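S.K.: predicted model follows, preceded by the sequence.
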2 protein chains.
Amino acid sequence: MQRINTISTFMERTPLILVTNDDGYQAQGINHLASIMKKFGNIIIVAPDSARSGAACSITPTQPVSTKQINDDTYACSGTPVDCVKIALEKILPSKPDLVVSGINHGDNASISLHYSGTVGAAFEACMKGIPAIAFSLRTHKKECDFTPFTQVIEEWVDKVLKEGLPTDTCLNINFPEVSHLSGSKVCRMARGMWHTEWLDAEKDADGRNIYTLTGTFKNLEPDAEDTDYWAIDHNMAAITPLKLDITDYDTLGKFCI
Amino acid sequence: MQRINTISTFMERTPLILVTNDDGYQAQGINHLASIMKKFGNIIIVAPDSARSGAACSITPTQPVSTKQINDDTYACSGTPVDCVKIALEKILPSKPDLVVSGINHGDNASISLHYSGTVGAAFEACMKGIPAIAFSLRTHKKECDFTPFTQVIEEWVDKVLKEGLPTDTCLNINFPEVSHLSGSKVCRMARGMWHTEWLDAEKDADGRNIYTLTGTFKNLEPDAEDTDYWAIDHNMAAITPLKLDITDYDTLGKFCI
């Protein structure tokens, strides 16, 4: 079940890399990521035409999706991040890419928050198509930030994945703390967490509808667990979390079957 | 880590059940599901005001979300299925519900398709809030269908979950075949699968954008695997799949750590 790109294969031709995100093709994060990817191969950017935060693995089955070529290597798409990957693979790229990278998201996608993430959704979609994929996110809510402290870690993992591949049905979720110098990197699991107090005070509109605005506070349910993504980020480290497509709960399945 | 509603607790008061879906509050499937749930307790329906197919775990962080009370126990929400659950829990329900049920979706959500599913997304959201949750889907694309053949299985699993609870961070994904008589039920894992040929022919609009429409064909990558959801549905059985919030790939994590 392992798909390995050997170093010899890797050296024979220039890798093709698809770059996407959920903040839109003009975001600072995707442009920084694209500039790094150009060191590794030929890149094509296919990203939303504007921000699609919280898009998760959503798709657009009920209305048409459009793409517009912005320049030689960049396409803006009216759909979700997953739509971007689907269209890129089937309609834009000249061949199956060697790698799909998504991000760098402005905001972390660690713990359960990754389930809401379009950045991670795009990596998941690539993974579903059998392509090695990495999602990158930075714990910040600034639109303009310094992504340069993370370049080395990005390069290390992109190099590793291009050379070695990833196990079938596995992708990577990498989160950075907002620091000028990382304390290191940690391979870790998702922390358990919970969002609460998620809606700002309701108003009523003229038709009697209550109007709410989504916000929320995240609580890390295991702040002392050193093997989690949240702990790593809280301690100024890059958090590297492998994710799997098969989310069957085998422990529970075994109990039900008895 | 087990949260068990004992039978004695179960009998002390009437359970409160939240009913939601992604096809909208007027869909036939949710109305059938709600009618069954009324046998088990007090129900409140909070569902999208129109179809939200393919919404996955998406949320609406960039614009307000509204709710409108339709009748005594039904609220229509302008947001995604996950928004519906979040708003119901924080702004509508009188107390934390004993169970959240989602569906019955018009279309199956088995194999990797569950990652795109708003029906499953709603169950996932409830699970993230520590509430037992079940997603129900029927392999059909008809708007009007006969859901009565599935009533008994729905009742069995709702009764079981209300009495015994579910493990923390686990929810259930139940898919039905479109048959008049089920051959049985099977507790099973997600099949491996892949969508392909996903976009109808492109056109160009006046601004030079290519226009695509999402469609696609699903391929089951392991059609002979009798322990999978697809096999069960293909053999006229209800497929019961426990899903987990923690999608860390521990096998790969262990290898990276070495």
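M.R.: It's in.
S.K.: in chain A, which spans are strands?
M.R.: With strands called from DSSP state E, chain A shows them at A:16-20, A:42-48, A:65-71, A:74-77, A:99-106, A:133-138, A:170-176, A:184-187, A:193-196, A:199-204, A:210-214, A:217-220, A:237-244.
S.K.: list the buried residues in the third one.
M.R.: By neighbour count with 16 or more other Cβ atoms under 10 Å in any protein chain shown, strand A:65-71 contains the buried residues A:V65, A:S66, A:T67, A:K68. C-beta here means a position set from N, CA and C on the backbone, and glycine is covered the same way.
S.K.: considering only these, which also neighbour chain B?
M.R.: For chain B, the contacts drawn from the buried residues of strand A:65-71 by Cβ under 8 Å from any Cβ of the partner chain are A:V65, A:S66, A:T67, A:K68.
S.K.: of those residues, closest to B:P132?
M.R.: Taking Cβ to Cβ as the measure, A:V65 is the one of those closest to B:P132, at 36.1 Å.
S.K.: export the buried residues of strand A:65-71 to a markdown table and tack on pLDDT?
M.R.: Putting those into a markdown table (pLDDT from 0 to 100) gives the following:
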| residue | pLDDT |
| --- | --- |
| A:V65 | 96 |
| A:S66 | 96 |
| A:T67 | 96 |
| A:K68 | 95 |
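S.K.: make TSV from the residues you listed and add distance to A:T228 to it.
M.R.: Supplementary listing: the buried residues of strand A:65-71 in TSV, determined by distance: Cβ to Cβ, whole Å:
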residue	distance to A:T228
A:V65	36
A:S66	40
A:T67	38
A:K68	41
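S.K.: please report how far A:L166 lies from A:L172.
M.R.: Distance, A:L166 to A:L172, by Cβ to Cβ, to the nearest Å: 7 Å.
S.K.: so what sits against both of these two?
M.R.: Common neighbours of A:L166 and A:L172 (criterion: Cβ atoms under 8 Å, 6 or more residues apart in numbering or on different chains): A:A133, A:P242.
S.K.: re the thing from before, looking at the buried residues of strand A:65-71, which two lie furthest apart in space?
M.R.: A:V65 and A:K68 (11.3 Å).
S.K.: where does pLDDT dip in chain A?
M.R.: Scanning chain A for pLDDT under 70 picks out A:1-11, A:257-258.
S.K.: could you point out the longest helix in it?
M.R.: When chain A is parsed with DSSP state H, its longest helix is helix A:151-164.
S.K.: can you give me the buried ones in that helix?
M.R.: So, applying 16+ other Cβ under 10 Å, buried residues of helix A:151-164: A:V153, A:I154, A:W157, A:V158, A:V161, A:L162, A:E164.
S.K.: my read is that the second one contacts A:F136, right?
M.R.: Yes: if you go by Cβ atoms under 8 Å, A:I154 and A:F136 touch, sitting 6.4 Å apart.
S.K.: need the overlap of contacts for the two.
M.R.: A:L33, A:I104, A:I174.
S.K.: restrict these to those near chain B?
M.R.: Among those, no residue is within reach of chain B (Cβ under 8 Å from any Cβ).
S.K.: drop anything exposed from these.
M.R.: Neighbour counting over the shared contacts of A:I154 and A:F136 (16+ other Cβ under 10 Å) leaves A:L33, A:I104, A:I174 as the buried ones.
S.K.: out of those residues, who's nearest chain B?
M.R.: Set against chain B, the nearest of these by Cβ to the nearest Cβ is A:I174 (11.9 Å).
S.K.: contacting residues for that closest one?
M.R.: By Cβ under 8 Å, 6+ apart, the contact set of A:I174 is A:I134, A:A135, A:F136, A:S137, A:V153, A:I154, A:W157, A:A238, A:A239, A:I240, A:T241.
S.K.: end to end on stretch A:70-79, go ahead and measure it.
M.R.: 16 Å (Cα to Cα, to the nearest Å).
S.K.: who are the neighbours in contact with A:W199?
M.R.: A:W199 makes contact with A:Y212, A:T213, A:L214, A:T215, A:G216, B:K86, B:I87, B:E90, B:K91, according to Cβ under 8 Å, 6+ apart.
S.K.: just the buried ones among the residues you listed, please.
M.R.: For the contacts of A:W199, buried by 16+ other Cβ under 10 Å: A:Y212, A:T213, A:L214, A:G216, B:K86, B:I87, B:K91.
S.K.: ok, those vs A:V179, which is closest?
M.R.: For the buried ones among the contacts of A:W199, the nearest to A:V179 is A:G216 (24.1 Å; Cβ to Cβ).
S.K.: list the contacts for that closest one?
M.R.: Residues near A:G216 by Cβ under 8 Å, 6+ apart: A:W195, A:H196, A:T197, A:E198, A:W199.
S.K.: go with 10 Å
M.R.: A:G216 makes contacts with A:S113, A:M194, A:W195, A:H196, A:T197, A:E198, A:W199, A:L200, B:I59, B:P61, B:K86, B:E90, as judged by Cβ atoms under 10 Å, 6 or more residues apart in numbering or on different chains.
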